[in-house]
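Student: Below: sequence and its predicted model.
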There are 2 protein chains.
Amino acid sequence: MTEYSEKQLQIMDTALKLFSEKGYDKTSIRDIAQAADVNVAMVSYYFGSKEKLLEALFRNHFSFITTTLENILYEKESSAFEKVERIIDVFINTLFSRQKFNQLMMRESSVVNEGPLFDMILEMKTKNRKLVERAVKSGQRLGVFRKDVSVVFLSSVMIGSVNQMLANCRYEARSAKLEGESKEAFKKERIEILRIHLKRMFIAYLTYDSNK
Amino acid sequence: MTEYSEKQLQIMDTALKLFSEKGYDKTSIRDIAQAADVNVAMVSYYFGSKEKLLEALFRNHFSFITTTLENILYEKESSAFEKVERIIDVFINTLFSRQKFNQLMMRESSVVNEGPLFDMILEMKTKNRKLVERAVKSGQRLGVFRKDVSVVFLSSVMIGSVNQMLANCRYEARSAKLEGESKEAFKKERIEILRIHLKRMFIAYLTYDSNK
DNA sequence: TTAATTCAAACAAACGTTTAATTAATAATT
DNA sequence: AATTATTAATTAAACGTTTGTTTGAATTAA
């Protein structure tokens, strides 16, 4: 589907970049227009307003991310352990490949109280939890996972730790003045650590009984 | 120390409330002045500028939080397990009792690249990791914790999951139209779940060996 | 009397948005 | 195929608000 013209996508790309770097409020339409090499009026012309441009960005990435996550539900995995590991992989890959949007969403979600953005974010949070819930219950039915685990806890840990790790990376990279390639390599390294240890930790939590 | 007068504290309290609810950029000095029942000029008069008011807020909470966290280092605990649990308790208690500031810091940390705020946040992140590192190494020396655990991972999980849980709470509360007392009760309930399961999960991760 | 506080008013700058004129692209007509 | 009519895209300029901040007079406290 060619929902957006090339020019519109150019504006959206630039807006996403600036929004994620400087924040929505600190990015002016003139900033976007200059960076995207278009006239200031084009944003209103194509999207109606600055806020509707933000909504367009959300709709554009949101549906992709949710369907990606949803698809795991219908995958046939051979074991509950693999299911958990697969969820972690998809989560990390999705958040990592859409870092900019994720950073933007994380930031704006804390001050949005209603409207289309609120609804989209809420739906995403709900889907995340459903996903984790399925995997956990599957393992519990098979008798390999403990019964007394918390799904809200697990989904908070999942999404929270990934975002915190990425936020820390950005901070350390800025502090160490890493740029471009070396910065991405640094991030990638950290993300792989996260991937391995998150899997190990989840499995340990889901199976380990401290009473021997 | 009476570093700030009562009027100044009144402005700072109001500013923190509004900054955390609406975000720094979306809160105008006139908003603060009106809510704090003072003249608009008073913010500049007392703090110099809006940004310096934000810095004052940071300095005010930051030193308290860091010293609180730091104090665990000098506590004598009887076991490495207790040490880990104690750190989780202090983290959760501190973040929970200073929710507004924490929300503000989380939001602004993603767009600050330099200056006093950047330095404070970086110092806090470093201290968090040092704290976790000490507890982990203590347990490793005693032979009760695995050697192949990641400290950057653990501190990301710690801070990330607490913040994610609180963010989710705010979202669900808003969606269910919870207000005041019932909202706080809901939060408290979730935080206690987090406390219990985070401890269990950390202990499991630090001790459990999947190869029997 | 001196200094600190409070205030309404005004300031310039930046903001999102609109306007009205112009150019480019597309469709229709000869 | 060439010309005209119509729509879409683009532009510089201007609009009305809102922003953070300052001013200078008035009020209060020391």
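Tutor: That came in fine, so what should we check first?
Student: so what's the spatially most central residue of chain A up against?
Tutor: The residue lying closest to the centre of chain A (CA atoms, centre = their mean) is A:Leu95, at 3.7 Å. For A:Leu95, the contact set (CB atoms under 8 Å, 6 or more residues apart in numbering or on different chains) comprises A:102, A:159, A:162-163, A:166. Placement of C-beta: from N, CA and C, glycine included.
Student: Tell me which two in those are the farthest apart.
Tutor: A:Ile159 and A:Leu166 (11.1 Å; CB to CB).
Student: mind checking which helix or strand A:Val112 is in?
Tutor: Assessed by DSSP states H and E, A:Val112 sits outside every helix and strand.
Student: where in chain A is pLDDT low?
Tutor: For chain A, the stretches with pLDDT under 70 are A:1-2, A:210-212.
Student: Report the secondary structure state of A:Glu172.
Tutor: helix (DSSP: H, G, I helix; E, B strand; the rest coil).
Student: now it, nearest residue through space, not along the chain?
Tutor: Using CB to CB, 6 or more residues apart in numbering or on different chains and skipping the chain neighbours, the partner closest in space to A:Glu172 is A:Phe186 (7.5 Å).
Student: any idea how far the one you found lies from A:Arg174?
Tutor: As defined by CB to CB, to the nearest Å, A:Phe186 lies at a distance of 11 Å from A:Arg174.
Student: A:Met158 and A:Leu198 touch, don't they?
Tutor: Yes: contact criterion CB atoms under 8 Å: A:Met158 and A:Leu198 qualify, at 7.4 Å.
Student: list residues touching both of those two?
Tutor: Common neighbours of A:Met158 and A:Leu198, counting by CB under 8 Å, 6+ apart, are A:Ile88.
Student: ok, and for the helix or strand where the residue nearest to the centre of chain A lies, which residues are buried?
Tutor: In this structure, A:Leu95 sits in helix A:80-97 according to DSSP H and E. In terms of neighbour count (16 or more other CB atoms under 10 Å in any protein chain shown), helix A:80-97 has its buried residues at A:80-81, A:83-85, A:87-88, A:90-92, A:94-96.
Student: and these as a markdown table, adding distance to B:Ala15?
Tutor: Compiled in a markdown table, these are given as follows (distance: CB to CB, whole Å):
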| residue | distance to B:Ala15 |
| --- | --- |
| A:Ala80 | 49 |
| A:Phe81 | 49 |
| A:Lys83 | 47 |
| A:Val84 | 44 |
| A:Glu85 | 45 |
| A:Ile87 | 41 |
| A:Ile88 | 40 |
| A:Val90 | 41 |
| A:Phe91 | 36 |
| A:Ile92 | 37 |
| A:Thr94 | 37 |
| A:Leu95 | 32 |
| A:Phe96 | 36 |
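Student: Which one of those residues is nearest to DNA strand C?
Tutor: For the buried residues of helix A:80-97, the closest approach to DNA strand C (CB to the nearest atom of the strand) belongs to A:Leu95, at 27.0 Å.
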